[in-house]
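Student: Quick one: sequence plus predicted model below, questions after.
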Amino acid sequence: MSFDRIVKAIIKDAMERGEFDQLSGRGRPINLTEYFETPEEVRSAILDEKKKAVIERKIQQKHVEFSLIMERQR
């Protein structure tokens, strides 16, 4: 399962449970101007290799956990 599909499934489940209903700014567009004005290599770069490795391990662990949850639901 691709990462995008995993994220979409998690978001959809959270929406169905109403977890986003009380967020401030609900129903208003998000201003992403500053985000897109920042060069892509800067907004996604992790310069500290140790931090990068920790984050990559956490992402992999979450991916495995999610895959196991999805398998249990089948």
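Tutor: Sure thing, it's come through.

Student: Output the longest helix belonging to this protein.
Tutor: Counting residues, the longest helix found in the chain (DSSP state H) is helix 49-73.

Student: now the helix or strand of the chain with the lowest mean pLDDT: how far from the chain's centre is it?
Tutor: Least confident helix or strand of the chain, by mean pLDDT, DSSP states H and E, is helix 40-43 with a mean of 75. The chain centre lies 17 Å from the centre of helix 40-43; the measure is CA atoms, centre = their mean, to the nearest Å.

Student: where does the protein dip in pLDDT?
Tutor: Within the chain, the stretches with pLDDT under 70 are 1, 44.

Student: if we go to 50?
Tutor: When residues are selected by pLDDT under 50, none of them lie in the chain.

Student: can you name the farthest residue from the center of it?
Tutor: Within the chain, the residue lying farthest from the chain centre (CA atoms, centre = their mean) is residue 74, at 22.9 Å.

Student: Pull up the distance across stretch 15-30, start to finish.
Tutor: Across stretch 15-30, the terminal residues are separated by 17 Å (CA to CA, to the nearest Å).

Student: hey, C-alpha coordinates of the least confident helix or strand of the chain in CSV?
Tutor: Coordinates of each C-alpha in helix 40-43 appear next as CSV, following Å, rounded to 0.1, in the frame of the first residue of the first chain:
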residue,chain,number,x,y,z
GLU,A,40,11.2,22.7,-1.6
GLU,A,41,14.8,21.6,-0.7
VAL,A,42,14.6,23.8,2.4
ARG,A,43,11.1,22.8,3.7
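
Student: That helix: which residues count as buried?
Tutor: Across helix 40-43, burial judged by 16 or more other CB atoms under 10 Å covers no residue at all. Every residue, glycine included, has its C-beta placed from N, CA and C.

Student: For that helix, name the packing helices and strands.
Tutor: Applying 3 or more CB pairs under 8 Å, 6 or more residues apart in numbering; DSSP states H and E, we find helix 40-43 packed against no helix or strand.
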